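# Just to be clear, the model below is a prediction. Sequence and coordinates:
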Amino acid sequence: MDPKLTEVDQLFGRFKAAFLRNDYLTCDSLLAQLKVLLSKFPSLPPSFQDSTNATQELTIAREIYEHAVLLSVKKEDQDAFERDFFQLKPYYTDTVGIIPPSPQEYPVLGLNLLRLLVQNRIAEFHTELELLPTRALEHPCIKYAVELEQSFMEGAYNRVLTARQAVPHESYVYFMDLLAKTVRDEIASCSEKAYDSLSTAEAKRILTLSSDEQLALFLLKDRKQWEIRNGRVYFQRSKKSAPRKEIPSLQLINQTLSYAKELERIV
């Protein structure tokens with residue numbers, strides 16, 4: 001094996017060991033070193049120069065960037081996710097026929113779709129979706145993201161919340177927790193506008209919370225203006241609605257007639 005490949009392979013082995021034990025500081029240090037070493041491989045994007053070791057270089061580089069994306073999820077670092085995903089993407093789009101497909105490709109692409117949904121970047125979500133081959137839509141990870149977006153756009157928030165229990169890949173949990181929080185906040189906002197109070201049982205049902213403790217924690221963290229009294233949740237609006245101003249109808253009619261006369265004179 002080429003000495004450069006050997007060095008990368010050994011360093012990557014240490015990275016994967018640190019990754020499994022959630023040693024993020026070591027992972028960050030090793031990943032930085034790996035990226036420097038990868039920059040010396042001639043066959044990698046954007047150049048794709050022909051090399052006797054091209055297949056091995058492209059394959060190990062792709063796997064390193066896949067791990068970098070998953071590491072960013074473990075660290076809950078969305079900025080790092082975006083950077084590493086865009087470095088990884090050419091290995092999915094531009095190496096078809098050069099190296100075998102990665103088993104992590106669709107889980108990572110689905111993870112990116114989920115990130116765009118969480119960040120409410122719906123136009124980009126659909127752009128990325130249109131770039132995928134038709135067969136990708138049948139993969140559980142891609143299908144999960146598509147169905148989630150449809151439920152979200154339809155306002156079927158209960159389906160979004162229950163989808164959290166059926167994630168197709170463990171890395172999806174972080175973004176699903178963020179999406180569940182967004183959905184619960186939306187449900188809570190709608191509830192306090194529609195009702196003065198709800199029973200605790202009904203509040204737990206619509207917020208998909210399984211216990212009184214979870215409901216109390218939700219109030220403590222996200223709805224401090226609400227109160228639980230005698231088995232009911234009372235919604236106390238943080239802001240009073242601004243008083244409605246009456247439209248001076250007679251004045252408006254006179255102005256409209258005046259404008260009509262002026263237009264008739266011009267014509």
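Ah, there it is.
# got the phi/psi numbers for Leu198?
Backbone torsions of Leu198, given as degrees, to the nearest 10, read phi -140, psi 150.
# next one: Ser102
phi -90, psi 140.
# Just the pLDDT for it.
If you check Ser102, the pLDDT there is 96.
# And for Arg237?
pLDDT, read off for Arg237, is 55.
# hey, where'd the helices end up in the stretch 1-150 of the chain?
Counting by DSSP state H, counting those that start in this stretch, the stretch 1-150 of the chain has helices at residues 3-20, 24-38, 54-74, 78-93, 105-118, 122-130, 140-154.
# In a markdown table, list the ones you listed along with distance to Pro46 and mean pLDDT.
In short, each C-beta sits where N, CA and C put it, glycine included. Converted to a markdown table, the helices of the stretch 1-150 of the chain look like this (distance: least, C-beta to C-beta, whole Å; pLDDT from 0 to 100):
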| stretch | distance to Pro46 | mean pLDDT |
| --- | --- | --- |
| helix 3-20 | 19 | 95 |
| helix 24-38 | 13 | 97 |
| helix 54-74 | 13 | 96 |
| helix 78-93 | 7 | 96 |
| helix 105-118 | 20 | 96 |
| helix 122-130 | 20 | 95 |
| helix 140-154 | 26 | 94 |
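# Can you lay out those as CSV showing mean neighbour count and distance to Gln165?
Supplementary listing: the helices of the stretch 1-150 of the chain in CSV, determined by neighbours: other C-beta atoms under 10 Å; distance: least, C-beta to C-beta, whole Å:
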stretch, mean neighbour count, distance to Gln165
helix 3-20, 15, 25
helix 24-38, 16, 27
helix 54-74, 20, 19
helix 78-93, 17, 23
helix 105-118, 23, 15
helix 122-130, 14, 22
helix 140-154, 18, 12
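# Of all those, which one is nearest Lys221?
Among the helices of the stretch 1-150 of the chain, helix 105-118 comes nearest to Lys221, with 18.4 Å by C-beta to C-beta.
# how distant is the closest one from the center of its chain?
7 Å (C-alpha atoms, centre = their mean, to the nearest Å).
# just stretch 12-21 next, same as before
26 Å.
# repeat for stretch 195-205
Relative to its chain's centre, stretch 195-205 lies at 29 Å (C-alpha atoms, centre = their mean).
# just stretch 127-140 next, same as before
Put simply, stretch 127-140 sits 17 Å off its chain's centre (C-alpha atoms, centre = their mean).
# got the end-to-end distance for that stretch?
Taking C-alpha to C-alpha, to the nearest Å, the first and last residues of stretch 127-140 lie 19 Å apart.
# what does it rub up against?
For stretch 127-140, the surrounding residues in contact (C-beta atoms under 8 Å, 6 or more residues apart in numbering) are 93, 106, 109-110, 112-113, 116, 142-143, 146, 168.
# again with stretch 50-67
Against stretch 50-67 from outside (C-beta under 8 Å, 6+ apart): 1-2, 5, 8-9, 12, 15-16, 19, 31, 34-35, 38, 41-44, 84, 87-88, 91-92, 95, 98-100, 102, 104, 108.
# and if you look at stretch 16-30?
Outside stretch 16-30, the residues that touch it by C-beta under 8 Å, 6+ apart are 11-12, 14-15, 67, 70-71, 74-75.
# what do you get if the cut-off is 6 Å, keeping everything else the same?
With contact meaning C-beta atoms under 6 Å, 6 or more residues apart in numbering, stretch 16-30 is reached by 11, 14-15, 71, 75.
# Domains in this protein, by residue range?
3-203, 204-241 (automatic domain parsing).
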